[in-house]
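S.K.: Quick check, what structure comes out for this input:
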Amino acid sequence: MGDLTVWKFAVPITDQPVVEMPGWPQILSVAATSPRELALWAVVDPDAEPVRHAFELRGTGHPLGRVGSHIATIQDPPFVWHLFEADPAAPPACGHWVEGQNGAVIHAAVFACRVCAEYHGGEAGRG
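M.R.: Residues are numbered from 1 along each chain as shown. Below you'll find the predicted structure:
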């Protein structure tokens, strides 16, 4: 494990943004940086393997659908965005489960599947 540091990551403004970050980062903050992009700051281990993390982004008044834990609310006038973890209970495309930070079991549809070594994003038929 290397020295932990804070890194900034671009988050596209889309319903299901995916952000590649080292390992299992601790998210600190999210803010609007341009009309088409948000920024996410996280504590990371720079030596950790890159993992594609899936999120759900919703505007105020939009249906939530199935989402995981709330991460941040971002004011981007005239919009207000709400960033959530992807739904950890979504059915896996590959049938595999992975162990996340602090031993929590996380669905492969949410993060990179270590068994298949491929990101699934919860899409049926992949894997």
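S.K.: quick one: what helix or strand has residue 68 in it?
M.R.: strand 67-76 (DSSP states H and E).
S.K.: With residue 63 instead?
M.R.: Counting by DSSP H and E, residue 63 is found in no helix or strand.
S.K.: I'd like to know how far it sits from residue 17.
M.R.: 17 Å (Cβ to Cβ, to the nearest Å). All C-beta atoms are positioned from the backbone trio N, CA, C, and that covers glycine.
S.K.: ok, these two, which is more surrounded?
M.R.: residue 17 (20 against 5; other Cβ atoms under 10 Å).
S.K.: so what's the more buried one up against?
M.R.: 11, 54, 55, 57 (Cβ atoms under 8 Å, 6 or more residues apart in numbering).
S.K.: quick check, nearest of these to residue 44?
M.R.: residue 11 (14.8 Å; Cβ to Cβ).
S.K.: Pick out the lowest-pLDDT one from the contacts of residue 17.
M.R.: Ranked by pLDDT, the contacts of residue 17 bottom out at residue 54 (85).
S.K.: beta partners for the nearest residue to that residue once chain neighbours are set aside?
M.R.: In this structure, residue 54 finds its nearest non-sequential neighbour in residue 86, 3.8 Å apart by Cβ to Cβ, 6 or more residues apart in numbering. With DSSP bridges as the criterion, residue 86 is bridged to residue 67.
S.K.: Hmm, residue 86 is touching residue 65, no?
M.R.: No - in this structure residue 86 lies outside contact range of residue 65 using Cβ atoms under 8 Å: 10.7 Å.
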